[in-house]
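Asks: This is a predicted model, with the sequence first.
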Amino acid sequence: MPSLAKKILKGTLYLSGSNIFVKALSFLSFALIVRNLTLVEYGQVILALAIMAPIQSIPAMGLSQIIISDIAKYRGEKKSQAVKALIFDYTRLNLFLGIFLIVLTWIFCSFLEKHYGIALREYFFLLAPLAFMGICRNLLEIIFSSHERFDHLSFIQAQGAVVKLISIGLILRFVGSLNVFLVFAIYLIAQTSVFLIGIPWSISILGHLKSISSQDKFILWKTWRQHGKWGSFRLIVEQLTSSLKPWVLNFILGIESVAIFTMGRELYAVLTKVFPIQRVIFPIISRKIKEIKITLRMIYKSQKCLLWLNTPMFFLAFFIGPFFINWFFPQYSSSVPVFQIFLLLIFLNVFRLGQSSLFFAFRQQKIISYIYFLKIFLFFLFLIPFSFWWGVKGAAFAAVSVVLIAILAEEYFLRKLYHISSWDFKEFTMIDEYDKQLFSEILGKIKKTIFQI
């Protein structure tokens, strides 16, 4: 099997196993924390994390995917100077903005405590380094993803979840209970462990850049000005609309419908993490974009592989999912049809695989942003009549319809601008020797993993 296919398969299996493992441990950690905190204490945790969240998201400026794509592309073009300059510029920007925002957040917390009696400053000595560690983790994930080190990426994801769960267990064993301070301390320990493990790996990966003199000045500014500004603008719109969507649904159908819609969507979202092929091929597409025939063949084969994997998952989720929801979340039994409607996206995800990655590789974030804005407009346009006709199920249909339109729009621009297609229906109807090798390799890896467990 070609080395490129083996790298995609290996990366997918690494991240897939890691995602399933992390989701399971995160659920256990969440359950233990909620069971051992009062409603007031848990509310304080949520409020504090919500206030600190901008410290981790704003420094990234919506550029994470763009930085990964550009680093991978420069690696493919053997431009080590540009790789070094972009990594170091982006790191300095994140750290500077992170420290600046921590100071602003301290002032804001002082304002909340003085005028509204919300005491968050007492936790700040834990929250500030927690937010800073979050920024560092984002930088580590960018380095690992752009250099296609999916084993390191999956390890630090799993490690953070393991350390968090072990910390909770040890505290409950020796202290006997949790409080807000201990919860923030647990989060900080987990993030710090990721940082301590990830730093030596990142130094090893970037070690070859030490002797290279970086002559590309202001490369990050050039990246942002040329195509990165669209990612930043899209991030702002995305954060605003994410907050607006549930309020619009609440206005139309009521608060219970918001909970039902969100539950169905979140359960579907868990399934999308099972086979993260998109995340694996994203940097490879950017690195190989000049070899467009190889890139397209990789996308077509990845789509077929994803279809093989998603089809049984769809039927299992469609028929077993309702029993799971009714058993664990009986109060959300009304979310079953919403969840089943969202499952249609499992098949649509096959056709959208690689589309956005191609636009990132071609540095056409403007088109991605235009299509995203179109999705937002159409969602609200469809939401009102669909919700009045079919209730909360109509809201789910609106979301699925918008994704379908976005896929067709991206395909239209790819064909018009670059005369390429992001899918090949003939590929789905044939199985060649390459596919047999790929399928055999998948089964072999799964069997090996099962026997190791």
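Replies: That came through fine.
Asks: right, and the helix or strand after the one helix or strand residue 395 maps to?
Replies: Using DSSP states H and E, residue 395 falls within helix 392-418. As assigned by DSSP H and E, the chain's next helix or strand after helix 392-418 is helix 425-428.
Asks: from the chain's centre, how far out does the helix holding residue 395 sit?
Replies: Centre-to-centre, helix 392-418 and its host chain are 20 Å apart (Cα atoms, centre = their mean, to the nearest Å).
Asks: Flag every buried residue along that helix.
Replies: Buried residues in helix 392-418, counted by 16 or more other Cβ atoms under 10 Å: 392-400, 402-403, 405-407, 409-411, 413-414. For the C-beta atoms, the positions are set from N, CA and C on the backbone; glycine is no exception.
Asks: same thing with stretch 173-187?
Replies: 178, 179, 180, 182, 183, 184, 185, 186, 187.
Asks: Could you do stretch 95-107 as well?
Replies: 97, 98, 101, 102, 105.
Asks: How about stretch 105-119?
Replies: Of all the residues in stretch 105-119, those buried under the rule 16+ other Cβ under 10 Å are 105, 109.
Asks: I'd say residue 177 and residue 36 touch.
Replies: Yes. Using Cβ atoms under 8 Å, residue 177 is in contact with residue 36, at 5.9 Å.
Asks: Which secondary structure elements does whichever strand or helix holds residue 186 sit against?
Replies: Per DSSP H and E, residue 186 falls inside helix 180-206. Judged by 3 or more Cβ pairs under 8 Å, 6 or more residues apart in numbering; DSSP states H and E, helix 180-206 is in contact with helix 39-57, helix 124-146, helix 150-174.
Asks: what sits against residue 37?
Replies: Contact partners of residue 37, counting by Cβ atoms under 8 Å, 6 or more residues apart in numbering, are 45, 178, 179, 180, 183.
Asks: What residue, apart from its backbone neighbours, is nearest the second one spatially?
Replies: Counting by Cβ to Cβ, 6 or more residues apart in numbering, residue 36 is the residue found nearest to residue 178 once chain neighbours are left out, at 4.1 Å.
Asks: Now for the one you found: which residues touch it?
Replies: By Cβ under 8 Å, 6+ apart, the contact set of residue 36 is 172, 177, 178.
Asks: How about residue 91?
Replies: residue 139.
Asks: pLDDT on the helix or strand encompassing it, on average?
Replies: Element membership of residue 91, judged by DSSP H and E, is helix 80-116. Averaged over helix 80-116, pLDDT sits at 84.
Asks: Stretch 353-372 now?
Replies: 88.
Asks: if we can go back for a sec, turn the contacts of residue 37 into CSV, including distance to residue 374.
Replies: CSV is the format used below for those (distance: Cβ to Cβ, whole Å):
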residue, distance to residue 374
45, 37
178, 45
179, 47
180, 43
183, 41
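Asks: From those residues, pick the one nearest residue 325.
Replies: Distance to residue 325 across the contacts of residue 37 (Cβ to Cβ) is lowest for residue 45, with 26.1 Å.
Asks: Just to check, that closest one is in contact with residue 182?
Replies: No. Taking contacts as Cβ under 8 Å, residue 45 lies outside contact range of residue 182: 10.5 Å.
Asks: low-confidence ranges in the protein?
Replies: 1-17, 39, 50, 116-120, 214-217, 239-240, 243, 433-453 (pLDDT under 70).
Asks: so what are the domain limits for it?
Replies: Per automatic domain parsing, the domain ranges recorded for the chain read 1-217, 230-446.
Asks: Could you work out the most separated pair of the buried residues of stretch 173-187?
Replies: Maximum pairwise distance in the buried residues of stretch 173-187, criterion Cβ to Cβ, is 13.3 Å, between 179 and 187.
Asks: gap between the helix holding residue 91 and the chain center?
Replies: 21 Å.
Asks: do the same with stretch 149-158
Replies: 14 Å.
Asks: I'd like the numbering to begin with 36 instead of 1 from here.
Replies: From this message on, residue numbering opens at 36, which makes the last subject stretch 184-193.
Asks: Could I get the CA-only coordinates of that stretch as PDB?
Replies: The C-alpha trace of stretch 184-193 is given here as PDB (Å, rounded to 0.1, in the frame of the first residue of the first chain):
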ATOM      1  CA  ARG A 184       2.100  13.700  13.800                       C
ATOM      2  CA  PHE A 185      -1.300  12.300  14.600                       C
ATOM      3  CA  ASP A 186       0.200   9.800  17.100                       C
ATOM      4  CA  HIS A 187       1.400  12.700  19.300                       C
ATOM      5  CA  LEU A 188      -1.900  14.600  18.800                       C
ATOM      6  CA  SER A 189      -4.000  11.600  19.800                       C
ATOM      7  CA  PHE A 190      -1.800  10.900  22.800                       C
ATOM      8  CA  ILE A 191      -2.000  14.400  24.300                       C
ATOM      9  CA  GLN A 192      -5.800  14.400  23.800                       C
ATOM     10  CA  ALA A 193      -6.100  11.000  25.700                       C
END
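Asks: from what I can see residue 270 touches residue 94, true?
Replies: No. Between residue 270 and residue 94 there is no contact under Cβ under 8 Å: 11.5 Å.
Asks: And the two? Which one has more around it.
Replies: Using other Cβ atoms under 10 Å, the more surrounded residue of residue 270 and residue 94 is residue 94, with 23 against 18.
Asks: Please name the residues that touch that one.
Replies: Contact partners of residue 94, counting by Cβ under 8 Å, 6+ apart, are 128, 129, 130, 132, 133, 136, 170.
Asks: Fine, thanks again, bye for now.
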